[in-house]
Each structure stands twice: as structure tokens, then as C-alpha cells.
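1. Give me coordinates for this.
(4 chains)
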2 protein chains.
Amino acid sequence: MDTGPKIAQVAALIGDPARANMLSALMDGRTLTASELAYVSGVAPQTASGHLAKLNDAGLLALAKQGRRRYFRLASPHVARVLEGLMVVAQDGPARQRNLWRGGETLRHARTCYDHMAGRIAVAIADRLVRQSHILLDEDGGQLTDAGRSFFDEFGVDLRLASKRRVFCRPCLDWSERRPHLAGALGAAILRHALEHDWVEHVRDSRALVVTPLGVRGLATTFGIEGAPPTDGRRAGCVTVPRLGSGHPG
Amino acid sequence: MDTGPKIAQVAALIGDPARANMLSALMDGRTLTASELAYVSGVAPQTASGHLAKLNDAGLLALAKQGRRRYFRLASPHVARVLEGLMVVAQDGPARQRNLWRGGETLRHARTCYDHMAGRIAVAIADRLVRQSHILLDEDGGQLTDAGRSFFDEFGVDLRLASKRRVFCRPCLDWSERRPHLAGALGAAILRHALEHDWVEHVRDSRALVVTPLGVRGLATTFGIEGAPPTDGRRAGCVTVPRLGSGHPG
DNA sequence: GAAACACTACGATCTTGGCCGAAGTATTCG
DNA sequence: CGAATACTTCGGCCAAGATCGTAGTGTTTC
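-> Predicted coordinates for the structure are as follows:
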């Protein structure tokens, strides 16, 4: 009858650091083995095995056996949404230590967020699309305009594939930028396009994406986004987002 | 750098039954005192005090002092979204014990979900609006049609108020019905309308809503939903949702 | 068949944190 | 003022569960 205990059970499951690390590592939709998950979560394989069993029993993970190894992935997009949501509240929660997030510069710049792109780059893309009136976007929903439809046709993104089961366009609050980027089928299509054209590449064992030289050019000509990928060293955050008409901070 | 620990901290906070009960009780946007929250969570006031301090420190709750009592509410809609999400995965998680949810019949029937309506009634309303082509709705987004706009004008729902900051229309997966109901500004407007016209009433210390006789008539004439509110006894679930063209289960 | 590998089951240890009784601050009321 | 109310702090008790060593099962490789 009471809903509290139910959500507590799930939340407690996510609430262990080792398990949270596992889930985080799976957030971009990859499937990883038990050993890999043990490694990323920083515990011994025996411990990881127990955690994975719990997550699997609770329906948070899906399991595929293949020979002597077990491949795990998030059981559903719902799980990914919860994790995204937790990141958001984890970020804006303790007001005092907001934005003292040095490190993870690569992640801040570009990363996957389940099946779409996140980070500075993704927010810049969303901003640009809004500014050009290709999409309408706010905190709760989004919509592709006619102008946007022809833009993406020209751009070469296949919108038909995705149109069946999902809405094109929804916002997803970016926990590093604290502004929405583009999710939904359209967001996924853009990431797919970027990967297929070698604009960005996955970083192994991470959700981070690196922007290739090809990508720098592509992003500039297509979205008017100037800037090189961060060198992972001191000079971080060197992407220049074009000034917005309405005075948003970058 | 790693995001795991951060989300683990928040999740662990929600992961305690007492705290989860508190948060659940606040999900409809009410503000409750520390004592009330102690009561609903089933712990002693001292214990509740500690929990509330933690939730407040973490930024999940907002606090307003007034005289000798403290009023708490959810700090942001983001928190509510996370809780909604947790309910969803808590429901579809353990596949074996799905749907053995006897009890809480009133909640299943109609309840608040943050600022809009949820439960059988809410799902039926959403279904009707979709069937009449007043809205477009799927798992990821929604949209009000022109026909819908005039329908709500006639209906007497004020859409201008909400149109500034939020999209009218977004889906919210109903964790008892496992199908989307209507959220966003439009969902909120419908709940407001229903409350103002005494179609439904809050149940004290609960998120449940009871449908008044007036409401039964109103829902029937406006949305074509037939059925009396459940009597809270044996004969539960006596609402009859009109057959859907596309063969959805009720 | 033996060895290496991926993973799981069990058991002992140890830390974390929820819990409430008792006592201590504010605030309101008579 | 003193009593009642609303809430917080402190301290000790206790249970839940995270951890890893050891020892197992099943699978692949040589």
C-alpha cells in the first residue's frame, strides 16, 4: 500500500558506492562483464558478484550469459532516467560545493548520456538549434519545427528510423552544465551521426567522448560551434560557444 | 571526477524507509511539519529530526521556519521526478511479483503525482484525450493539437497561466497502471480544475484523491469516463474505461 | 585430461548508521 | 512566570550489510 518502502528498496540499491559506480559505467548503454564492473567499481570480484546479483534480481540490470562470462546492461531506459535524475539533484543539492568540479574536464566537454550526447558540446548544439528555430525546447518538452525537419534532412540524419516508438525531441538536464541538452530520438540520431562520421570517439571504459579534428570542423560548419577538444591538461574548457542573443551564460 | 559516489550519496539518502516515506508524503507538493513527517514515516520525532536534517543538508528538502515549527517541502521538481522514476523501476523491476498490489485501491484509482493527477482516472483521461486527437502523447513527449486547444478553452481550463515556463504537455509513466498519464502544465491545469470544481478531494495525510459525486458526473460528461469512486472496500476497481480503438488493456 | 579463466557461494570480520530514551533549546499560551 | 508544545542534541544499543579470503562450479584452452 505504501509506496515509500518500494522506492527505498531501489534507492538503497543504488545508494551503495560500488553499485552506483557500476550503474554509472553502464549509463551509456554499453554492456560490460562482471569483471569489468568489478574493476570500475573498485571492489573484489566476489563482492562485485554479490552486488550484480542484487541489481539483477531487483530488475535494474539485464543479464546475458555468453560462455564463461556474464554481460550486464541497464534493464531499461527508466533506470537510466533515474540515474540522470539523481545526477541532477546530486549536483544542485548542496548549494555550497556547487561547481567545484575540477577534474573530469573531458567528461564536462562531451560524453554520452544513455543514447545521446551531453556536456558543453551537446548544450551548445541544443542552443544553436533553438536559436535557429529548428527546435523548440524547454525544461519539460520539445518539438521539431518544419524548418528543423528540412535542416536535418539536409544534414543527412535519418529521422524515419526513430519516429515510430519515440518522440523526436525531449530535453535532458545536463548535470555539468545545468542547462538542457537534446535527448529523445533526435538526440540519439545526432550522436549516431557524430559517431558514424568520426566526429567523436568513445573513450574506453568511460562515458567520455573526444572530439576529433574532423569533428571540430564538422561541428563548426554544421552548428557554428568553434573550439578544439580540451587537451585533458591545464587549458580546459577552451570551447567557445557563440554568443547567444538572449544573454545565456555559455 | 567519478559520478558514482555523488549519485550514491543521494540514493542512499532516499534509500532509507523512513526517509523514503517522508519524501513520498511530500510528493504532491504539500508542505508538512517535522511532526507530521515523523508520523507518516513511522519513527520517533528525534529520529525524524535527524533524517530531516540530512535531507535538508543534501538539498532534497526546502525548509521554512515559522514560529516553533518547521515546514518541509521537496526542494525542487527534480527531486519529485527522481521519486517518480524510482516508483516506475520499483514497479517493473522484480518481474515475478508484478501486480500483486492489493490494497491501496484508493491510491490506484486516483491520486496526485506532484502537481498533476495519476491513477486509473488520470490514465483514462489521457487515453480519452489521445483518442479524440486533442493531444499527441507517447513515452517521451506530448503535444497539444489545435482541436485540443479549443477543447480546453471550452472546458474552461486556463492555459495561458502555464504557458510561459513549461511545455503544456508531457507524459508521466503511471506506476500503478504502467501506462502514461498527463503531466506538465496541462496535467497541472486539469488537476487544478478538478479541485476547484470539487470533482476530487485530497485525502488527509495521503496522496490519494476521492472522486466526488459531482466529479463522477463531470468526468462522464467531459471525458466520457463512467464509473463510481471505489468504496474503499471489497468492490474495488469499479471504474469502467471506455473501450479503446487500438486494443489497449484498460 | 590438466590448467587457466570467469564467476559464484560461504563464512568471519568490521563498520555504518538507524533507533529511541533522556535531556536540552526555542516558542507559544495561560 | 510556569506549563505545554515543537523540535534538536547526545549517547548507547543493535542489526544490516559491505568486504574479502577461501573454496567451490562451470567453461575454455592447450
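2. Correct me if wrong: residue A:74 contacts residue A:24.
-> No: contact between residue A:74 and residue A:24 fails when scored by Cβ atoms under 8 Å: they sit 10.5 Å apart. (Glycine included, C-beta is placed from N, CA and C.)
3. Identify the residues contacting the nearest residue to residue A:12 once chain neighbours are set aside.
-> Leaving out its chain neighbours, the residue that sits closest to residue A:12 by Cβ to Cβ, 6 or more residues apart in numbering or on different chains is residue B:15, at 3.1 Å. Counting by Cβ atoms under 8 Å, 6 or more residues apart in numbering or on different chains, residue B:15 touches A:8-15.
4. ok, now with 6 Å
-> Residues in contact with residue B:15 (Cβ atoms under 6 Å, 6 or more residues apart in numbering or on different chains) are A:8, A:11-12, A:15.
5. DNA strand C versus residue A:125, what's the distance?
-> Note on residue A:125: its distance to DNA strand C, by Cβ to the nearest atom of the strand, to the nearest Å, is 36 Å.
6. right, and that residue touches residue A:223 too?
-> Yes: using Cβ atoms under 6 Å, residue A:125 is in contact with residue A:223, at 5.3 Å.
7. So those two - more neighbours on which side?
-> Between residue A:125 and residue A:223, residue A:125 has the larger neighbour count (other Cβ atoms under 10 Å in any protein chain shown), namely 22 against 19.
8. Can I take it that that one is in a helix?
-> Yes: assessed by DSSP: H, G, I helix; E, B strand; the rest coil, residue A:125 belongs to a helix.
9. roughly how far apart are it and chain B?
-> 18 Å (Cβ to the nearest Cβ, to the nearest Å).
10. need the contact list for that residue.
-> Contacts of residue A:125 (Cβ under 6 Å, 6+ apart): residue A:223.
11. can you give me the strands in chain A?
-> A:32-33, A:61-66, A:69-74, A:111-113, A:116-118, A:135-137, A:142-144, A:170-173, A:180-183, A:200-202, A:209-211 (DSSP state E).
12. Mark which of the contacts of residue B:15 are part of helices, please.
-> A:8, A:11-12 (DSSP state H).
13. So what pairs up with the spatially most central residue of chain A in the strands?
-> In chain A, the residue lying closest to the centroid (Cα atoms, centre = their mean) is residue A:113, at 1.0 Å. Beta bridges link residue A:113 to residue A:116 when assigned by DSSP bridges.
14. Can you check the pLDDT for it?
-> Note on residue A:113: pLDDT of 78.
15. how much space between it and residue A:156?
-> Distance, residue A:113 to residue A:156, by Cβ to Cβ, to the nearest Å: 23 Å.
16. Equivalent analysis for residue A:148, please.
-> From residue A:148 to residue A:156 the distance is 14 Å (Cβ to Cβ).
17. the more surrounded of those two?
-> residue A:148 (22 against 10).
18. I figured that one hits residue A:137, correct?
-> No: contact criterion Cβ under 6 Å: residue A:148 and residue A:137 do not qualify, at 10.5 Å.
19. Identify the residue spatially nearest to residue A:183, adjacent ones excluded.
-> In space, and not counting its chain neighbours, residue A:183 is closest to residue A:172: 3.7 Å by Cβ to Cβ, 6+ apart.
20. okay but that neighbour is in contact with residue A:182, surely?
-> No: between residue A:172 and residue A:182 there is no contact under Cβ under 6 Å: 7.3 Å.
21. of the two, who's got more company?
-> residue A:182 (30 against 23).
22. and stretch A:120-136, how far out from the chain's middle?
-> 16 Å (Cα atoms, centre = their mean, to the nearest Å).
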